[in-house]
Structures are given as structure tokens and as C-alpha cells.
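In: based on what follows, work out the 3D shape:
(chains A and B)
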Amino acid sequence: MPEKLRGFRDFYPEDQEIRREIFETMMEECRRFGFREVDGPSIESVDLYAHKSGEEIMGQMFNFIDKGGREVTLVPEFTPTLARMVASRKDLIKPLKWYTLAKFWRYEEPQSGRFREFYQLNADILGSDSLHADVEVLNLAGSIMKGLGLGNKVKLKMSSRTLLDDIIKYLNIEKKDSLYYLLDRWIKISDKEKDSLISEIGISKENLELIVTGKIIEELKSPNLDRLIKIMDEFNEYGTIKIEIDLKIVRGLAYYTSTVFEIWDLDEKMRAIMGGGRYDNIISQMNGDYTPAVGFGMGDAVVENLLKREGLWYEKEKKRVFISIADDKGRKYSYYVSKKLRESGIMVDLNVTERNLGKQIEYAAKMGFKYSIILGEREFTNKIISIRDLITGEQFSMNLEDAIIKLKNS
RNA sequence: GCCGGGAUGGGGUAGCGGUGUAUCCUUGGGGACUGUGGAUCCCCGGACCCGGGUUCAAAUCCCGGUCCCGGCCCCA
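Out: Predicted structure coming up:
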């Protein structure tokens, strides 16, 4: 039997149904915030990602030569596609609030919370450089967390590239990139590596401490700091999840310009659940029109890990009805009954085997149905249906109209 | 791309050079049951990841690959 490809996943019903509910929760929250759904291609030209550091990025993309000789890749992220879509439509009324939930691919080694194919929700506001756009995007992210039942399990960590640049200037640090690198990897690297980076940057331990702990903001005056604090104040005004400044949040992407943020589980045992920030220059790099933007991406894998850890990975109870039949009259009657029930909006499954009644009811019970309707000559002749509650064992007979009311209300 | 640990029916496992048909549990299918339950009993199906090598003999030892779990790099 052929194996599935490394880093790819099969989703069986018992998991897929839960995933579907989670995705619906995310997208419904986007719509409630006034975001509109968009989608893009699954394959793009590698040129679209060329603004990132050259050849090195190629090893992390699922790229190949297509039959026409084009160098293409399965899309590794949404933002460049989004930028292209916005740049090529000058008639769009700004600001845009767009979301998408799609599959993305990266050719990397699979590990906890990371696969080669994954789903990612993206939500962005384009065409506003106001801090209120940042707030709206963050409120959406916080509301999604609440909607998933994770409101008190996670926190939002904020920083700002421009603020960090102010700090670098204030403290007279020359090796900016090395400092970014050090902060980004702060939790992961050993003291020895830290020391070597510290001496390379030429920063004093006291000053570094001010950055890492965030205490630096108490003595710094800067419009970028004011902006960040205003964002946080307004975010707290709306009130969804915890928020804090963490100057160690850098994010790897070159295109972020000011605000950057991540959502983490409270004890920071997992990877970031969501990440994003403000990217004001990508679209103008494509068509010259200044279109500032802010948004985030949230993958499915870490969310799933966290929901499982918190015991929230389970299917909400569903009302489901299975029709069992006792004889040929019942079989024929079942087509009429199932059609009426389905037309009234009730989800109905029915027996598609030659099994005897006992086996049918056993099947319905094992599959987790709440009710089994039983149809046979008796029901057909008397124009009734019998409903057996598979949890309590109670059984009633009634006419179809009353049964529809009962099934819809239970 | 690199490093560590794994892989035995659908799931979980025992066996770790030779011992009869590879163990046990579970799941799946059928029957006992011609209009009523996950019980019970009976029957059936189903596995040593792939390829080389060592050996009289390999599920077992060695090498390579694949996939899984985790970590590094990177993180969109």
C-alpha cells in the first residue's frame, strides 16, 4: 500500500468534523467583524516571493518546474498573493477588510505543530495606516481565541519594529541585525551563545536587560512608543484576551514595518499560535500605490495542539436520526419519511444494508445516533412512525408532523 | 539540509537468531436473532515498513531508503 507523503495528513471524520467546527468559528468571527472572504491560487510563480532573501528561501518552498517550463511553487503563505490581488485592482474601495482560510505548503522537516501542508487563516486590513486598523485586527484575533474557548489560555505579545529602532538609536547600538537575531532567539539559545552575541553587538548587559524586560519603555520618549501604548489601551477597552509588551517579538519576515505581534499559550510551552503585524510597503513595491496594511496569519496545527491539551478538542453534540426498517413496507415508507424529515432541515441517515432490525439498531447506537426511527408494516398502515431514544431506551409512536416537531426541538 | 528515538493485522501489543498455523486484547464482517441495543456464544478476515547483506537459519543482527515522533536550521 502506498504511504502518504512526508508531512501530509489524512483527516478522518471523527477529527475532520471537529476541524470543520473550529474553522467555521474562525470564519464566522471574521464575518462578524465585517471582513469579507477572498481566495487565491494554490500555485504561484516563484517570482512572487523574490523580494525575500534570494536562493535561501527556495529550500523552504514546495517549488517545481511545471510542464510549460515555468518555475512555480505551492503557495507558502498568503500575503504576497494578497498584495498582488490588491495591487492589480485600483478600483477597490479602501480600507479593505479581507480574510481567507486556505491550505499552504512549505518544504520543511515536520515536527510538533508543523507540517508540510497546513491550513492558515489570514485576516488583513488594507488601505489604512491608522492605529485603529491595528486595534481592529487584534480584536478579531482576540475574539477568535475567545470563540474557541481559549480566551483565558492565551496572551497577546506586542512589539514594534520602529520602536525597537528608536531604542537602538537611544542606546547607540550599531549592530541592529545582530540584536534582532539575539532577541528573536532569546528563549532558545544558551548563555554562552548569548554572551558571544552580546560582545558582537557591543551592548552592555544592563541595557540589554532593559530591552528584554521591557523596562526601557519607562525612560524612553518616542511617538512609536505612544502609538503602541495607544493600541494596547484601545485593545483593552474592547477586552478579549491578555496583552503585554514583549520587545523580544521580532518576527522573521522582512516585510513587517512597525507593529508586530504574536499570540502564545500562557506558559509559552508551544510555538506561537498566531503571528502578524503591519506591512506598509509590499503593495507599493508592486504597483507604486502606497497601500498600508496590517494583518495576521493563524495556522491550524498549533491551535489543534492547544485545544487538545486544554481538553477542548471534542465534537459538539449533534441531533442525528437514523431510520431502521423492519420489512419491505418499511423500506418503501422510509423514502417518504426521510424526504419529509430532510426537507424540514433534520439530518437523517438511513439503513442501506440487508441487515435485520437488531443489527440496524446496534449500528445506529454504535455510530452515536441519538434516535432511531423504526419503520415497518405497522407504521406504514397506521400512518405513524416509531422513534426510539437510543440513550434512554424509551420508544414512542406518533404521526410524522408531531415527530418532526419533537426531533427539531430535542 | 542536519541530529536523536521509533516502525509487528484497522488500533494497541508479545516475541528480540531456530520452539508446530507469529502472541494477546481490541476493532471490522457474518451468524445464533423472521420487529428492537453496545451483552454473551460461535465462525470469518486481517501484520513482521521497503531493499540489500550476514547466517545452515532473520520479525529478531548489520547497511541503505521510506514513513512516524521530537529537536536543530528556518519560520510565512
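In: which residues sit in contact with A:Thr257?
Out: Contacts for A:Thr257 (Cβ atoms under 8 Å, 6 or more residues apart in numbering) come out as A:Arg161, A:Thr162, A:Gly277, A:Arg278, A:Tyr279, A:Asp280, A:Asn281. C-beta coordinates here come from the backbone N, C-alpha and C atoms, glycine included.
In: Three-state assignment for the third one, please.
Out: Spelled out, it's A:Gly277. Following DSSP: H, G, I helix; E, B strand; the rest coil, A:Gly277 is assigned to strand.
In: now the helices for the stretch 201-350 of chain A?
Out: Secondary structure of the stretch 201-350 of chain A, counting by DSSP state H, counting those that start in this stretch: helices at A:205-213, A:223-238, A:282-287, A:300-309, A:328-343.
In: okay, buried residues for the helix or strand of chain A with the lowest mean pLDDT please.
Out: Of all regular secondary-structure elements in chain A, judged by mean pLDDT, DSSP states H and E, the least confident is helix A:191-201 with a mean of 85. By 16 or more other Cβ atoms under 10 Å, the buried positions in helix A:191-201 come out as A:Leu197, A:Ile198, A:Ile201.
In: closest to A:Phe322 out of those residues?
Out: Proximity of these to A:Phe322 (Cβ to Cβ) peaks at A:Leu197, which lies at 63.6 Å.
In: can you put the buried residues of helix A:191-201 in TSV and add distance to A:Leu341?
Out: Output for the buried residues of helix A:191-201, formatted as TSV (distance: Cβ to Cβ, whole Å):
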residue	distance to A:Leu341
A:Leu197	67
A:Ile198	70
A:Ile201	70
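In: buried ones in stretch A:39-51?
Out: Residues A:Gly40, A:Glu44, A:Val46, A:Leu48, A:Tyr49, A:His51 are the ones in stretch A:39-51 that count as buried (16+ other Cβ under 10 Å).
In: contacting RNA strand B as well, which ones from the residues you listed?
Out: Residues of the buried residues of stretch A:39-51 in contact with RNA strand B (Cβ under 7 Å from any atom of the strand): A:Tyr49.
In: so of the buried residues of stretch A:39-51, which ones are in helices?
Out: Secondary structure from DSSP state H places none of the buried residues of stretch A:39-51 in helices.
In: which of the buried residues of stretch A:39-51 sit farthest apart?
Out: Using Cβ to Cβ, those span at most 17.2 Å, a distance reached by A:Gly40 and A:His51.
In: contacts for stretch A:81-90?
Out: Against stretch A:81-90 from outside (Cβ under 8 Å, 6+ apart): A:38, A:40-41, A:44, A:48, A:75, A:92, A:96, A:98, A:100, A:122, A:124, A:126, A:282-283, A:286-287, A:289, A:291, A:293, A:295.
In: list the buried residues of that stretch.
Out: Buried residues in stretch A:81-90 (16+ other Cβ under 10 Å): A:Thr81, A:Leu82, A:Ala83, A:Arg84, A:Met85, A:Val86, A:Ala87.
In: got the phi/psi numbers for the third one?
Out: Right, A:Ala83. Phi and psi for A:Ala83, reported as degrees, to the nearest 10, are phi -60, psi -40.
In: contact partners for A:Glu14?
Out: Remark: with contacts taken as Cβ under 8 Å, 6+ apart, A:Glu14 is in contact with A:Glu315.
In: can you flag the buried ones in the contacts of A:Thr257?
Out: Among those, those classed as buried by 16+ other Cβ under 10 Å are A:Arg161, A:Thr162, A:Gly277, A:Arg278, A:Tyr279, A:Asp280, A:Asn281.
In: can you give me phi and psi for the second one?
Out: Backbone geometry at A:Thr162, expressed as degrees, to the nearest 10, gives phi -70, psi -40.
In: thinking again about what came up before, comparing the helices of the stretch 201-350 of chain A, which comes out most buried?
Out: Across the helices of the stretch 201-350 of chain A, averaging neighbours per residue (mean count of other Cβ atoms under 10 Å) puts helix A:300-309 on top, at a mean of 19.
In: that helix near RNA strand B anywhere?
Out: No. Residues of helix A:300-309 contacting RNA strand B under Cβ under 7 Å from any atom of the strand: none, with a closest distance of 7.6 Å.
In: follow-up on the earlier one: nearest to A:Gln360 among the buried residues of stretch A:39-51?
Out: For the buried residues of stretch A:39-51, the nearest to A:Gln360 is A:Gly40 (46.3 Å; Cβ to Cβ).
In: excluding its backbone neighbours, what's nearest the closest one?
Out: Closest residue in space to A:Gly40, ignoring its immediate chain neighbours: A:Thr81 at 4.0 Å, by Cβ to Cβ, 6 or more residues apart in numbering.
In: just the C-alpha atoms of whichever helix or strand that neighbour is part of, please, in CSV.
Out: Element membership for A:Thr81, per DSSP states H and E: helix A:79-87. What follows is helix A:79-87 as a C-alpha-only set of coordinates in CSV (Å, rounded to 0.1, in the frame of the first residue of the first chain):
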residue,chain,number,x,y,z
THR,A,79,0.4,37.8,2.0
PRO,A,80,2.3,38.1,-1.4
THR,A,81,-0.8,36.8,-3.2
LEU,A,82,-3.0,39.3,-1.3
ALA,A,83,-0.6,42.1,-2.2
ARG,A,84,-0.8,41.1,-5.8
MET,A,85,-4.6,40.9,-5.8
VAL,A,86,-4.8,44.4,-4.2
ALA,A,87,-2.2,45.9,-6.4
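In: next secondary structure after that helix?
Out: Counting by DSSP H and E, the element after helix A:79-87 in chain order, helix or strand, is strand A:96-105.
In: hmm, back to that, between the contacts of A:Thr257, which is closest to RNA strand B?
Out: Checking the contacts of A:Thr257 against RNA strand B by Cβ to the nearest atom of the strand gives A:Gly277 as the nearest, at 8.5 Å.
In: quick one, what contacts the nearest residue to the closest one once chain neighbours are set aside?
Out: When the adjacent residues along the chain are set aside, A:Gly277 lies closest to A:Val260, with 3.7 Å between them (Cβ to Cβ, 6+ apart). A:Val260 makes contacts with A:Met158, A:Ser159, A:Ser160, A:Arg161, A:Ile249, A:Val250, A:Arg251, A:Gly275, A:Gly276, A:Gly277, A:Arg278, as judged by Cβ under 8 Å, 6+ apart.
In: rerun at 7 Å
Out: A:Ser159, A:Ser160, A:Arg161, A:Ile249, A:Val250, A:Arg251, A:Gly277 (Cβ atoms under 7 Å, 6 or more residues apart in numbering).
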